[in-house]
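**Q** Let's see this in three dimensions:
(one chain, ligands or ions: 2)
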Amino acid sequence: MTEIVLKTEDLTKHYGGVQALEGAEFILHKGEHVAIMGDNGAGKSTFVRQITGVEQRTRGKVWLYGEEVHFAGPLDAREAGIETVFQTLALADDLDVPDNLFLGREKTYFDWLGPFRLLDYKGMREATMEGLRKTAVKIPNIRNTIRNMSGGQRQCVAIARTASFHSKLTIMDEPTAALGVQETAQVENIIKTLKEAGEPLILVSHNMRQVFDLVDRIIVFRRGRICANLKREETDPQDVVAYITGAKTGKEYEATAL
Ligand SMILES: Nc1ncnc2c1ncn2[C@@H]1O[C@H](COP(=O)(O)OP(=O)(O)O)[C@@H](O)[C@H]1O
Ligand SMILES: [Mg+2]
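**A** Ligands and ions are numbered 1, 2, ... in the order given. Alright, predicted model coming up:
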């Protein structure tokens, strides 16, 4: 039995009358990289938001490493070891790179003069350089605030954050959608590094080539439901497109079997 990183049962989210996510049954095994694909509006981001506590689910259950979890907010999820890169970037514009990397988990030390914990700027800068080195992301000056960076650099900072901390689970929602070829390649390198380190990943992506290059398994969402659960070596891009468009059905019940 492989260890189960994440499990969802009947995970459901309605926005008023909109059934954005309906009865999602999902399992992620230790070390596994899984892609989530599906048309725009299929419910992929909604699924991610219910797991990471960005929103409160309508119903259903979520387990992280066998423990049932119900996060009140994204910081809760991060504290529990889930590192998420959202489709819309959650970076603080007026902070520099180290501050963004350590947002919510600043390094501190005790000063001998008093009972106050002080921010360890030097330690954070060093860890930032180390994190960026690992990812081969080139940022000319890490003391620049995020506001002055290109979209690609911002996204790379957000992704470098995921590689800088050993998280229990990394989730990326369309991390390369707005990136150029070179930046996309960097992000894909980071993902490969996570794979080699045995760190599990959920990757929401529209990029078929990328998905087939990187992941072990592909989950397809259609109209709020998981409609296919496919091992990479048992499927191909055409097959996946058929599930995305609804031309093919009937693989959804194997969700727990894989
Ligand atoms: N905050 C919201 N309020 C109302 N409807 C929403 C909200 N967020 C998403 N939806 C709807 O839920 C469905 C799924 O959206 P989403 O999860 O963003 O899709 P995807 O990420 O697969 O493109 C869509 O029909 C979308 O319009
Ligand atoms: Mg989305």
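**Q** check which helix or strand covers the nearest residue to Gly38 once chain neighbours are set aside.
**A** What sits nearest to Gly38 in space, not counting adjacent residues and going by C-beta to C-beta, 6 or more residues apart in numbering, is Phe221, at 3.5 Å. Yep, even glycine has a C-beta here, placed from its N, CA and C like the rest. For Phe221, the element it lies in under DSSP states H and E is strand 217-222.
**Q** Would you mind giving the secondary structure of the closest residue to Arg223 other than its chain neighbours?
**A** What sits nearest to Arg223 in space, not counting adjacent residues and going by C-beta to C-beta, 6+ apart, is Ala42, at 6.6 Å. Classification of Ala42 by DSSP: H, G, I helix; E, B strand; the rest coil places it in coil.
**Q** returning to that earlier point: I'd like the next helix or strand past the strand holding Phe221.
**A** strand 225-231.
**Q** Show me how far stretch 156-174 is from its chain's centre.
**A** With C-alpha atoms, centre = their mean, to the nearest Å as the basis, stretch 156-174 stands 7 Å off its chain's centre.
**Q** Which helix or strand contains the residue most central in space within the chain?
**A** Most central in the chain under C-alpha atoms, centre = their mean is Ile171, positioned 1.4 Å from the mean C-alpha point. Applying DSSP H and E as the criterion places Ile171 in strand 169-173.
**Q** next structured bit after that strand?
**A** Next along from strand 169-173, by DSSP H and E: helix 181-196.
**Q** Just the CA coordinates for that next one, please, in CSV.
**A** What follows is helix 181-196, C-alpha atoms only, in CSV (Å, rounded to 0.1, in the frame of the first residue of the first chain):
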residue,chain,number,x,y,z
VAL,A,181,9.1,29.6,-23.6
GLN,A,182,12.2,30.1,-21.5
GLU,A,183,10.3,30.8,-18.3
THR,A,184,8.1,27.9,-18.9
ALA,A,185,11.1,25.6,-19.3
GLN,A,186,12.4,26.9,-15.9
VAL,A,187,9.1,26.1,-14.2
GLU,A,188,9.2,22.7,-15.7
ASN,A,189,12.7,22.2,-14.4
ILE,A,190,11.4,23.1,-10.9
ILE,A,191,8.7,20.5,-11.3
LYS,A,192,11.2,17.9,-12.3
THR,A,193,13.3,18.8,-9.3
LEU,A,194,10.3,18.2,-7.0
LYS,A,195,9.7,14.9,-8.7
GLU,A,196,13.3,13.8,-8.1
